[in-house]
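Novice: Sequence isn't available, so here's the structure alone:
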Ligand SMILES: [Zn+2]
């Protein structure tokens, strides 16, 4: 179902929410509609696409959680050693057995075969090359948005774009 981009009063993108949540913010007078699509929800309401809070909220720094799904998403569900897209696992670049940590710059997606072949060696020792150097995704809202991409229609997404890229 339709998603709504929520902006701070400063127009800075904050969050992606359901249209139901957006309507509640509008009814409560906490937000205003910035962009809507044509869809009629009844009762004089049109489906919002972008809404803006009427008051400014301070944004706490939001860390992107280091979860299996987020790592998979960052690495595009692709083995970072051979490019395979199935039998995927998470590999520690510097193996845990040698002090490698659970951090964005030390985990990559690897297929089972590469993971086993690499064993407790570094990529260099194993003669493997990483497709990209792993790092922390830089922007929370973009990361969330890219995960939602399939659920946001192209037309709606076009309407969001202008609010998203000023804040890179
Ligand atoms: Zn592989």
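Specialist: Done, it's in. In this text the structure is predicted, and so the values were computed from the model without any measurement. Numbers count the residues shown, from 1 in each chain.

Novice: next one: phi and psi at the residue lying farthest from the centre of the chain?
Specialist: Ranking residues of the chain by C-alpha distance from their mean position (Cα atoms, centre = their mean) puts residue 43 at the top, at 33.7 Å. As for residue 43, its main-chain torsions (degrees, to the nearest 10) stand at phi 60, psi 20.

Novice: list the contacts for it?
Specialist: Taking Cβ atoms under 8 Å, 6 or more residues apart in numbering, we find residue 43 in contact with no residue. For glycine as for every other residue, the C-beta is placed from the backbone atoms N, C-alpha and C.

Novice: now the end-to-end length of stretch 130-141.
Specialist: Start-to-end span of stretch 130-141 (Cα to Cα, to the nearest Å) is 26 Å.

Novice: Helices of the chain, start to end?
Specialist: Listed in chain order, the helices of the chain (DSSP state H) span 19-27, 68-74, 112-118, 123-126, 140-148, 154-164.

Novice: wait, which of those is closest to the ion?
Specialist: Of all the helices of the chain, it is helix 112-118 that lies closest to the ion, at 3.2 Å by Cβ to the ion.

Novice: quick check, the closest one touching the ion?
Specialist: Yes. Using Cβ under 5 Å from the ion, we find that helix 112-118 touches the ion at residue 114.

Novice: and that helix, what's its mean pLDDT?
Specialist: Computed over helix 112-118, the mean pLDDT rounds to 97.

Novice: Name the residues that touch that helix?
Specialist: 79, 81-82, 84, 87-89, 91, 110, 126, 128.

Novice: Please produce a ChimeraX select command covering the buried subset of these.
Specialist: Selecting the buried subset of these in ChimeraX, with 16 or more other Cβ atoms under 10 Å as the burial test, is done by:
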select :79,81,88,89,91,110,128
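
Novice: who's in contact with the closest residue to residue 63 other than its chain neighbours?
Specialist: Leaving out its chain neighbours, the residue that sits closest to residue 63 by Cβ to Cβ, 6 or more residues apart in numbering is residue 140, at 7.9 Å. Contact analysis of residue 140 by Cβ under 8 Å, 6+ apart lists 62-64.

Novice: Give me the subset of these lying in strands.
Specialist: Among the contacts of residue 140, no residue falls in strands (DSSP state E).

Novice: Dump those residues into JSON lines; add pLDDT as well.
Specialist: Below are the contacts of residue 140 laid out as JSON lines (pLDDT from 0 to 100):
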{"residue": "62", "pLDDT": "72"}
{"residue": "63", "pLDDT": "79"}
{"residue": "64", "pLDDT": "86"}
